[in-house]
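In: below is the structure, and that's it, no one-letter string:
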């Protein structure tokens, strides 16, 4: 992966590509991508609960896995289509991922404010495309969505 | 997997088996297991950063993945040989895993107290076997250990 992008909107665009692939596969449409300090794409991925039957693969953990082993995450930025849940926020905090770009936090308000309070450089873009994708998905699949965030229906 | 165990010590014993397998493989010796409300083993696993080149597989996330999709985690207990980092603590909190058994928190003090403050039923066993395994591993592989918890050396 040799792409190099600059700016939150360009980073989010790659995460949104992943989310749309997930939607087309019948999966939970959340995508993410991890970028190096120079804007180089390190990894990208999407939620794969449905596709792989694997509840551990959220968008952010998929992008993190795709990037492989890294000696440090200092200066990296995670872009995700949706405000990250505790699981993915814990990942970002533990590994010292420096920046976070959030597509939207309307359909689910995760822990991006907690991350900001703990030193992560957070940008929320409030993207209509991201929100429309999740709104359509949740309306059609409420039980699946609740399963993915550990909420009893 | 049909094993059924009761009590924190028996749960930890399975996590410790996983950690020892990881040690024998040259991996980071942290293991975990997830149990249902009735003590049935739902999933077990170990850190696989070295074995699979996959930084997303901590002991706890491996056990969670191994358990497959679950409709709810209410009443489940995660046993882990080591106090869980933010990543794994976020997992436990997001999915509402009810109980946590920690082998030891001497070699690394993760977020078990944060989880307890947020309603998780936490038991710390202060196991000498768990502590000796991690102490030996960290002494021999400090850079690998720092990589696994996202600390710059």
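Out: Sure, I can see it. As the structure is a prediction and not an experimental result, all values here were calculated from the model.
In: what parts of chain A come near chain B?
Out: Neighbours of chain B within chain A, by CB under 8 Å from any CB of the partner chain: A:49, A:53-56, A:61, A:64-65, A:67-74, A:85-91, A:93-96, A:111, A:147, A:149-152. In this view, the C-beta of every residue, glycine as well, is placed from N, C-alpha and C.
In: tell me which of those fall in strands.
Out: Judged by DSSP state E, the residues of chain A next to chain B include no members of strands.
In: in chain A, what residue is nearest chain B?
Out: Closest to chain B within chain A is residue A:90: 2.3 Å, counting by CB to the nearest CB.
In: now the lengthiest helix in chain A, how far from the centre of its chain.
Out: Scanning chain A for the helix with the most residues, using DSSP state H, yields helix A:8-24. Mean-position distance between helix A:8-24 and its chain equals 9 Å (CA atoms, centre = their mean, to the nearest Å).
In: stretch A:106-118 now?
Out: 12 Å.
In: same question for that stretch, mean pLDDT?
Out: Model confidence over stretch A:106-118, given as mean pLDDT, is 97.
In: mind listing what's buried along it?
Out: A:106, A:107, A:108, A:110, A:111, A:112, A:114, A:115 (16 or more other CB atoms under 10 Å in any protein chain shown).
In: for the residue positioned nearest the centre of chain A, which residues count as its bridge partners?
Out: By CA atoms, centre = their mean, chain A has its centre lying nearest to residue A:80, at 2.9 Å. Counting by DSSP bridges, residue A:80 forms beta bridges with residue A:32, residue A:102.
In: OK, contacts around it?
Out: By CB atoms under 8 Å, 6 or more residues apart in numbering or on different chains, residue A:80 lies in contact with A:15, A:30, A:31, A:32, A:59, A:60, A:63, A:88, A:100, A:101, A:102, A:103.
In: how does it look with 10 Å?
Out: A:11-12, A:15-16, A:18-19, A:30-34, A:58-60, A:63, A:88, A:92, A:100-104, A:110, A:112, A:130 (CB atoms under 10 Å, 6 or more residues apart in numbering or on different chains).
In: low-confidence ranges in chain A?
Out: Where chain A drops to pLDDT under 70, the residues are A:1-3, A:153.
In: what's the burial count for the closest residue in space to residue A:38 that isn't next to it in sequence?
Out: Distance criterion CB to CB, 6 or more residues apart in numbering or on different chains; nearest residue to residue A:38, sequence neighbours excluded, is residue A:4 at 6.8 Å. The tally of other residues near residue A:4 (other CB atoms under 10 Å in any protein chain shown) stands at 12.
In: next: residue A:128.
Out: 12.
In: do I have it right that it meets residue A:134?
Out: No: contact criterion CB atoms under 10 Å: residue A:128 and residue A:134 do not qualify, at 11.0 Å.
In: what residues are shared contacts of the two?
Out: With CB under 10 Å, 6+ apart as the test, residue A:128 and residue A:134 both reach A:103, A:104, A:106.
In: could those go into a markdown table alongside distance to residue B:40?
Out: Below are the shared contacts of residue A:128 and residue A:134 laid out as a markdown table (distance: CB to CB, whole Å):
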| residue | distance to residue B:40 |
| --- | --- |
| A:103 | 39 |
| A:104 | 39 |
| A:106 | 39 |
